[in-house]
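*Asks:* build me a model:
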Amino acid sequence: MRLAFCAMLIATPALAALDLRDYDDDLMRDLEKTIKYFEPDITAQNSQAAKEDAEILLDGFRYTEDYFAKRGKDDAVAISRDGSRLIADVVAKVDKGEFDAAAASAREATQVCKTCHEIYKPRLAR
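*Replies:* Residues are numbered from 1 along each chain as shown. This next block holds a predicted model:
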């Protein structure tokens, strides 16, 4: 009991330093779920599902770009823009029937997400 109380006291200042008031947990969960299906939908040549996934992911990258721009986190803004560019590239390749190339871009987009998460994802959300 005493150990748990001490741990809580130690964690409290760290929690107070995180400002998560406008962090959209629901959107982030949707994005994490969507990114898992994105490349498999492309590999299965399911154009409609891939485009639906892409729209959700583009919304997410727009959200994160705006979120980090407000905080002056230029590196995160650049990461978000890279993600948006990759998703747009995927859609263009899917439209051309270039599914292998689209899948490769989708895998790159997944890495973009992971890069940002390693730096910015709140520790409590992991």
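*Asks:* rest of the way, CA atoms for contacts and neighbours
*Replies:* Fine.
*Asks:* what residues sit buried inside the one helix or strand residue 77 maps to?
*Replies:* In this structure, residue 77 sits in helix 74-95 according to DSSP states H and E. Across helix 74-95, burial judged by 16 or more other C-alpha atoms under 10 Å covers 76-77, 79-84, 86-91, 93-94.
*Asks:* chain center to whatever helix or strand comes next after that helix, what's the gap?
*Replies:* On the C-terminal side of helix 74-95, the closest following helix or strand by DSSP H and E is helix 99-120. Centre-to-centre, helix 99-120 and its host chain are 9 Å apart (C-alpha atoms, centre = their mean, to the nearest Å).
*Asks:* what about helix 99-120, average pLDDT?
*Replies:* Along helix 99-120, the predicted local confidence has a mean pLDDT of 92.
*Asks:* please name every helix or strand in contact with that helix.
*Replies:* If you count contacts as 3 or more C-alpha pairs under 8 Å, 6 or more residues apart in numbering; DSSP states H and E, helix 99-120 packs onto helix 25-43, helix 74-95.
*Asks:* next one: phi and psi at residue 44?
*Replies:* phi -80, psi 0 (degrees, to the nearest 10).
*Asks:* burial measure for it, as a count.
*Replies:* The burial metric for residue 44, expressed as a neighbour count using other C-alpha atoms under 10 Å, is 12.
*Asks:* how about residue 120?
*Replies:* Counted with other C-alpha under 10 Å, the neighbours of residue 120 add up to 12.
*Asks:* centroid residue for the protein?
*Replies:* Per C-alpha atoms, centre = their mean, the C-alpha nearest to the average position across the chain is that of residue 113, at 4.4 Å.
*Asks:* surely that residue meets residue 82?
*Replies:* No - checked against C-alpha atoms under 8 Å, the pair residue 113 and residue 82 is beyond contact range at 9.8 Å.
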